[in-house]
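K.L.:
no FASTA, just this:
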């Protein structure tokens, strides 16, 4: 018996189906290795800080630091910097920044764990489609997280208590870059975990690229 | 442009010539230009000094901390006197430490040592007036303990010199009185009924807690200054005395009759052992040794007329003592002292205490100048002696001396620097350790007349910074100080790492509260308690209700953990002001005697809304119920 899929003659498929046929291809050993690397990177993202926000002012030249991990929020100087940031923010009526508000840190390590498993699965079973799934899901996760992050910063900067001692224009703290808020200069940049998150899609694309002409699974 | 350039050179030359012309007639600044001197002591804004100078505040009862080389006053550490600036003496704890006294007379600060080097743990200071010793912890620059009035001790001047591993702090009686204290005897019986005492205050190595170790009964001399041994003189302590005449009136004349007075050389390890062996008699709760009955504990050493300072050199071999009424200072060789004791080479005994043979133990007399008081060392074989009458510092060479030098002792004095005016103590960093820092000398002068802008009759003292790194001493800077620096200690800034906040985890105060909603007030009988939080920029609670006749106990916690975020709590018309450092809880107890609504407020400027940080103490007239009930 002929394979019914094959029998329907490849040339008869519409062009976009033909274009997607590479999804069925197997991963070669190099790509499988890259998927192992990706699995490790996903795991490392959980361990390393994702983002760091630093506030510098004349009387805080050493800076007040806030470090965001996938699973926790850490103030610099043994946690004291977060207390200090909240202490200062109460003058402009900003809600205290509390770890419990960051619901994503309860599920983010779990989701990253799923990505570790998916990457290991792709490394073992070795299909390009599996890599593409991870890439698409991870891009979605990344954009969703950044959107959530922006929303949170927007809310902090706009949801200000009207009875606060100091009235300031509502603002959105910057996500990447430098921004001046009153006497503070705010710096916000990805940290090790954040850069690893940017590196992961590159590894995934390379895994696909090196196996683009391989045999079909 | 060129014109401007050349004219400024000409102008500069004229100025230089004028300045040069001026300084030529002024020997102490003859070889220096103001610019290079300014550079030496200049510490730019934002830069830090290299050394701490802990100088005694004399009868102000405080210790002052300045920086070297800038000589800038950095902070005042209150010890024996209340100090509203830091709220010292207003809260229950510091009030209990001060006891019934509101002043003390701080003379000689002593840094704790380990193996004859500063270890940066504690600074000890004495109270010459009320016979006390205090310990300042260098972790937070706060007074932690005041011991005293010390029994059997009256006028604690020969203090607070520290032994080589901070085993003991030396204490001695400047004044002799009938013992035990509280007993009265006629003045005419002074020689027989009055006594002096030298003591060792024991220091707990873990906590720094001070307690009485041993005391040694002495004839009624006036004990003056002390010093501790190391190296060959390890285990020994030295005090000078005046008034071996045992006069009790007009000491100025009557205590200046003998050509030589006595220093006491005390083997404190033997004293410690004798006490352990039960050879002491308990007087007023303290084990007291009679040195005539316990041989080997105390020896007398003849010293030039009416001596003041006695200072051990960094090697521990040379002990230098100066008779302030003669123009020389005597260097004793401690190895010869040990040999003389071994050979029982005594020239006399005084009330059963052996007097060592002066000629057998003196290495030589150095003609330093008029009124020699104290000697410090730079660790390079040089000694620096303050000359009160001559108003100068003499630099001279320690032994060993060559035969040529011995033949011409004048040649040993290598430099002399005038100071302004009437120097008392002088200090070289680490002089009392086995590794002095050298580099700087601070002359602490008793008079500053005419050196500063006129401030009326009540004039400050002057402290002058002298560079001793070169062959010749160089006067670099002078500062004016509150009354009254006696002695000082110099410590490298990087030798310690003081905390900047009290960590919350270390606060074990039973009534500390850490959030605004925990702050509360409650009543127990006639006592109203309040647990108050101080945080930028409010108190919580900000209302305390009580009535006349109540006792009010306030526990206020500064919940900040940020450096320099200090709050105060001043209560209007109640003579209360405490200052609470970040992470600290202080307790205040006061009796409410008058009705009214009394504001309390933050006294230590804390934030942009500091002025808003306030509350009310509502005191109802006696017998009426609180308005809110």
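P.N.:
Yep, it's here. Everything quoted here is computed from the prediction, not taken from an experiment. Numbers count the residues shown, from 1 in each chain, chains lettered A, B, ... in the order given.
K.L.:
C-alpha only now, for contacts and for neighbours.
P.N.:
OK.
K.L.:
Show the subsequent helix or strand relative to the longest strand belonging to chain A.
P.N.:
As assigned by DSSP state E, the longest strand anywhere in chain A is strand A:60-68. Using DSSP states H and E, the helix or strand that follows strand A:60-68 in sequence is strand A:73-75.
K.L.:
Average pLDDT for the next helix or strand after that following strand, rounded please.
P.N.:
The helix or strand immediately downstream of strand A:73-75 is helix A:80-89, counting by DSSP H and E. The pLDDT scores in helix A:80-89 average 92.
K.L.:
quick one: residue A:21 from chain B, how far?
P.N.:
Here residue A:21 is placed at a distance of 62 Å from chain B (CA to the nearest CA, to the nearest Å).
K.L.:
and that residue, helix, strand or coil?
P.N.:
helix (DSSP: H, G, I helix; E, B strand; the rest coil).
K.L.:
do the same with residue B:354
P.N.:
At residue B:354 the chain is in strand, as set by three-state DSSP.
K.L.:
Now it. Nearest residue, chain neighbours left out?
P.N.:
residue B:299 (5.4 Å; CA to CA, 6 or more residues apart in numbering or on different chains).
K.L.:
can you pull the buried residues of the one helix or strand the one you found maps to?
P.N.:
For residue B:299, the host element (DSSP H and E) is strand B:298-304. Neighbour counts over strand B:298-304 (16 or more other CA atoms under 10 Å in any protein chain shown) mark B:298-304 as buried.
K.L.:
Next SSE downstream of the helix or strand that contains residue B:169?
P.N.:
For residue B:169, the host element (DSSP H and E) is strand B:168-172. Next along the chain after strand B:168-172, taking DSSP H and E as the criterion, comes strand B:177-178.
K.L.:
That next one pairs with which strands, parallel or anti?
P.N.:
Applying DSSP bridges, strand B:177-178 is found paired with strand B:194-203 (antiparallel).
K.L.:
which residues are in contact with the partner strand?
P.N.:
The contact list for strand B:194-203 (CA atoms under 8 Å, 6 or more residues apart in numbering or on different chains) reads B:152-153, B:166-179, B:185, B:209-223, B:268.
K.L.:
what's the answer for stretch B:108-120, then?
P.N.:
By CA under 8 Å, 6+ apart, the residues outside stretch B:108-120 that reach it are B:54-56, B:121-126, B:138, B:159-166, B:230, B:430, B:432-435, B:486-489, B:491, B:495-496.
K.L.:
thinking again about what came up before, I'd like to know which elements the strand holding residue B:299 is packed against.
P.N.:
Packing contacts for strand B:298-304, counted by 3 or more CA pairs under 8 Å, 6 or more residues apart in numbering or on different chains; DSSP states H and E, involve strand B:260-267, strand B:318-323, strand B:329-333, strand B:353-356.
K.L.:
just these: most buried one?
P.N.:
Ranked by mean neighbour count, those are led by strand B:318-323 with a mean of 28 (mean count of other CA atoms under 10 Å in any protein chain shown).
K.L.:
That one - which strands sit beside it in the sheet, and in what orientation?
P.N.:
Paired strands of strand B:318-323, with direction, are strand B:307-312 (antiparallel), strand B:329-333 (antiparallel) (DSSP bridges).
K.L.:
Format those strands as CSV; extra columns: mean pLDDT.
P.N.:
Output for the strands paired with strand B:318-323, formatted as CSV (pLDDT from 0 to 100):
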stretch, mean pLDDT
strand B:307-312, 95
strand B:329-333, 97
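K.L.:
hey, what's residue B:77 bridged with?
P.N.:
residue B:63.
K.L.:
pretty sure residue B:54 is in a helix, no?
P.N.:
No: judged by three-state DSSP, residue B:54 forms no part of a helix; its state is strand.
K.L.:
I'd say it and residue B:71 touch.
P.N.:
No: here residue B:54 does not reach residue B:71: they are 11.0 Å apart, not a contact under CA atoms under 8 Å.
K.L.:
Can you pull the phi/psi pair for the closest residue to chain A within chain B?
P.N.:
Nearest residue of chain B to chain A (CA to the nearest CA) works out as residue B:561 at 6.5 Å. Main-chain torsions, residue B:561, degrees, to the nearest 10: phi -130, psi 30.
K.L.:
what's the answer for residue A:109, then?
P.N.:
Torsion angles at residue A:109 (phi, psi; degrees, to the nearest 10) stand at phi -60, psi -40.
K.L.:
Near it, how many other residues are there?
P.N.:
Neighbours of residue A:109 under the rule other CA atoms under 10 Å in any protein chain shown: 19.
K.L.:
Same question for the one 10 residues further on.
P.N.:
Residue A:119 has 27 neighbouring residues, counting by other CA under 10 Å.
K.L.:
Output the longest helix belonging to chain A.
P.N.:
Assignment by DSSP state H gives helix A:128-158 as the longest helix of chain A.
K.L.:
about what we covered before: need the buried residues of strand B:298-304 in JSON lines with pLDDT and distance to residue A:182, can you?
P.N.:
What follows is these, written out as JSON lines (pLDDT from 0 to 100; distance: CA to CA, whole Å):
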{"residue": "B:298", "pLDDT": "98", "distance to residue A:182": "71"}
{"residue": "B:299", "pLDDT": "98", "distance to residue A:182": "72"}
{"residue": "B:300", "pLDDT": "98", "distance to residue A:182": "72"}
{"residue": "B:301", "pLDDT": "97", "distance to residue A:182": "72"}
{"residue": "B:302", "pLDDT": "96", "distance to residue A:182": "73"}
{"residue": "B:303", "pLDDT": "94", "distance to residue A:182": "70"}
{"residue": "B:304", "pLDDT": "88", "distance to residue A:182": "70"}
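K.L.:
which of these sit farthest apart?
P.N.:
B:298 and B:304 (19.1 Å; CA to CA).
K.L.:
does the nearest residue to residue A:197 once chain neighbours are set aside sit in a helix, a strand or a coil?
P.N.:
Excluding its sequence neighbours, the residue lying closest to residue A:197 (CA to CA, 6+ apart) is residue A:45, at 6.8 Å. Three-state call for residue A:45 (three-state DSSP): helix.
K.L.:
So if we follow the domain assignment, how does chain B break up?
P.N.:
As given by the TED database, the domain ranges for chain B are B:51-492, B:504-620.
K.L.:
Can you tell me which of the ones you listed is nearest to residue A:191?
P.N.:
It is, among these and with distance given as CA to CA, domain B:504-620, at 25.3 Å.
K.L.:
how about the residues of chain A that lie near chain B?
P.N.:
Selection of chain A residues close to chain B by CA under 8 Å from any CA of the partner chain yields A:80, A:84, A:87.
K.L.:
Can you lay out the residues you listed as CSV showing neighbour count and distance to residue B:279?
P.N.:
Shown next, in CSV, are the residues of chain A next to chain B (neighbours: other CA atoms under 10 Å in any protein chain shown; distance: CA to CA, whole Å):
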residue, neighbour count, distance to residue B:279
A:80, 18, 57
A:84, 17, 61
A:87, 17, 63
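K.L.:
which stretches of the chain have low pLDDT?
P.N.:
All of this refers to chain A. Counting by pLDDT under 70, chain A contains low-confidence residues at A:1-11, A:216-217.
K.L.:
switch to chain B, that's the one I care about
P.N.:
B:1-34, B:623-629.
K.L.:
Pull up the residues of it that are close to chain A.
P.N.:
Listed as neighbours of chain A in chain B under the rule CA under 8 Å from any CA: B:536, B:561-562.
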